[in-house]
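In: requesting a structural model of the entry that follows:
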Amino acid sequence: MATPQELIRFERGPQSPRERVWWDRYSHERLNAWRQVQDPLADRCAAQITFTRPSGLLDEVEKRAREEGGDFQAFLDHCHTVPSWVDFDAMELGRRMYRRNGALQGLVLMCSSLVEGYAHNKPSQVLVATGRLQKDVSRRIYETGQMLHNIVGDDGIRPGGLGHRTLMEVRLLHAAVRQFLARNPRWDNAKYDLPINQEDMAGTILEFDFMVVRGLKRLGLQISRHEHESMHYFWRYAGYLLGVDEALLTTTLEEQEILAMQLTSHLYEPTADSESLAKALLRDMAGKPPFNLSYEVLLGFSRYLIGDKVADDLNINSSVPAATAVRVVKTAVSAASFGVRFLPDPAKRALENLNHQLGRRTLKAGLGDNPARWGFKALA
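Out: Numbering: from 1, shown residues only. Below you'll find the predicted structure:
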């Protein structure tokens, strides 16, 4: 849900010729059209493959590309062709910011981005129809963490690196889910539109980027304009690799904010399913690493991060002790963030590497010691 300041901006409408272009580009009418578009390159591959785990899907695509070419080679060509607008050096600071703040990012994603996303009724119906989130919540969250961990590895999301491969695996997984739902009588295209469509995919990028950065700032993390732009740039290319059409990949922070406001005003419709999904997530992650926080405290973080309006709509309430815990964490984060500003670059890199290793240990604890059971092929 937009902040009060963003809502005021939204009610005022576009304030410049440039904003009018963005307002029109992401109008509800145009967003409705994107709900009828999925990911043809990945979908054509998935339609010809028996469902398996994500790494198996990509292994099969690579094998079939060598043997047959066609749709399989077209998918690989798209993923390995770097668009002219990509500058890996310009997104490096963004990669490092996400790597440096991995644990805090996970807290914001869990208590804010995902919870708020469940209030978008149409996209969240994918989780209801597949049943995975309610049945195996923490497993899915750790697998999402594995993706985020891999894309900030040493190679980032450069072609040939583990992060790049992981995003390709996620993209094929989404295509496989679309194939499953196409045969599932529980999915109603007339009511919910095509599953995992372009608008939904663009919204997912906002959850990992726009909403995470907003939440990090709310928790006291100092993020400069330059850092924010690089974080946005990093996810712009990640979105391309995940199959989001370039027309929905914003180029500036201001454009991204307008897309977020338009998309929220278009999809925000909390239901009983929204509340059920949000509370199942927080309840199942209570007491689990890396935070080991109680359900009550996670509710407190969620209410603070998503704001009173969304929290009331989802019936998420915070006790006085939980609210106090949130304030203590925010004070600590703000102080630590201020101190990091004065560290020399080698010390910042050492901090990033330490956090990355801690994240690796957390994921192994959550995913188990058997890589054959992990969602993706490897762990950075």
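In: ok, the one residue sitting closest to the centre of the chain to residue 201 distance?
Out: Most central residue of the chain, judged by C-alpha distance to the mean C-alpha position with Cα atoms, centre = their mean, is residue 208 at 3.2 Å. To residue 201, residue 208 is 11 Å away according to Cβ to Cβ, to the nearest Å. All C-beta atoms are positioned from the backbone trio N, CA, C, and that covers glycine.
In: likewise residue 73?
Out: Per Cβ to Cβ, residue 73 is found 23 Å from residue 201.
In: and the two? Which one has more around it.
Out: A count of neighbours by other Cβ atoms under 10 Å puts residue 201 above the other of residue 73 and residue 201, at 22 against 16.
In: correct me, but that one touches residue 240?
Out: No: with contact defined as Cβ atoms under 8 Å, residue 201 does not reach residue 240; the gap is 10.9 Å.
In: pLDDT at residue 19, what is it?
Out: In this prediction, residue 19 carries a pLDDT score of 88.
In: which neighbouring elements make contact with the strand or helix carrying it?
Out: If you go by DSSP states H and E, residue 19 is part of helix 17-25. Contact partners of helix 17-25 among helices and strands, from 3 or more Cβ pairs under 8 Å, 6 or more residues apart in numbering; DSSP states H and E: helix 253-267.
In: got the buried residues for the very next helix or strand once past the helix it packs on?
Out: For helix 253-267, the following helix or strand on the C-terminal side (DSSP H and E) is helix 272-285. By neighbour count, and taking 16 or more other Cβ atoms under 10 Å as the criterion, the buried residues in helix 272-285 are 274-282, 284-285.
In: can you list the residues that contact helix 272-285?
Out: Counting contacts by Cβ atoms under 8 Å, 6 or more residues apart in numbering, the residues outside helix 272-285 that touch it are 110-111, 114-115, 118-119, 121, 124-125, 127-128, 133-134, 137-138, 141, 291, 295, 298-299, 302, 313-316.
In: distance from the chain centre to the longest helix along the chain, please.
Out: Across the chain, the helix with the greatest residue count (assigned by DSSP state H) is helix 345-367. Remark: helix 345-367 is offset 20 Å from the chain centroid, using Cα atoms, centre = their mean, to the nearest Å.
In: that one vs helix 272-285, what angle?
Out: If you take axes from the mean of the first three to the mean of the last three Cα atoms, to 10 degrees, helix 345-367 sits at 100 degrees to helix 272-285.
In: which of the buried residues of helix 272-285 lies closest to residue 49?
Out: residue 277 (28.5 Å; Cβ to Cβ).
In: about what we covered before: contacts for the helix holding residue 19, please.
Out: 13-14, 30, 247, 254-255, 258-259, 262.
In: check these and tell me the two furthest apart.
Out: Maximum pairwise distance among those (Cβ to Cβ): 21.7 Å, between 13 and 247.
In: neighbour count: these two, which is higher?
Out: Looking at residue 13 and residue 247 with other Cβ under 10 Å, you find the greater number of neighbours at residue 247, namely 12 against 9.
In: give the helix, strand or coil label for that one.
Out: Taking DSSP: H, G, I helix; E, B strand; the rest coil as the rule, one finds residue 247 in the helix state.
In: that one and residue 331: what is the separation?
Out: Using Cβ to Cβ, one gets 42 Å for the distance from residue 247 to residue 331.
In: go on, residue 175?
Out: Computed as Cβ to Cβ, the residue 175 to residue 331 distance reads 44 Å.
In: who has more neighbours out of these two?
Out: Under the neighbour definition other Cβ under 10 Å, residue 175 and residue 331 were set side by side, and residue 175 has more, 26 against 11.
In: give the contact list for the more buried one.
Out: Contact analysis of residue 175 by Cβ under 8 Å, 6+ apart lists 39, 42-43, 45-46, 57.
In: that one sits in which helix or strand?
Out: Using DSSP H and E, residue 175 sits within helix 162-182.
In: hey, which helix or strand in this structure has the poorest pLDDT?
Out: helix 132-135 (a mean of 61; mean pLDDT, DSSP states H and E).
In: can you give the distance of stretch 143-150 from its chain's centre?
Out: Relative to the chain's own centre, stretch 143-150 is displaced by 10 Å; criterion: Cα atoms, centre = their mean.
In: let me fix that: stretch 261-279
Out: From the chain centre to the centre of stretch 261-279 is a distance of 16 Å (Cα atoms, centre = their mean).
In: give me the below-cutoff pLDDT ranges for this structure.
Out: Low-confidence segments of the chain, defined by pLDDT under 70, are located at 1-5, 132-135.
In: re earlier: C-terminal to the least confident helix or strand of the chain, what's the next element?
Out: In the C-terminal direction, the helix or strand that comes right after helix 132-135 (DSSP H and E) is helix 137-151.
In: contacts for that next one next, please.
Out: With Cβ under 8 Å, 6+ apart, helix 137-151 has contacts from 95, 98, 102, 105-106, 109-110, 132-133, 157, 162-163, 166-167, 170, 208, 238, 280-281, 283-285, 288, 356, 359-360, 362-363, 366-367, 374-376, 378-380.
In: off-centre distance for stretch 52-69?
Out: On the basis of Cα atoms, centre = their mean, the separation between the geometric centre of stretch 52-69 and that of its chain is 25 Å.
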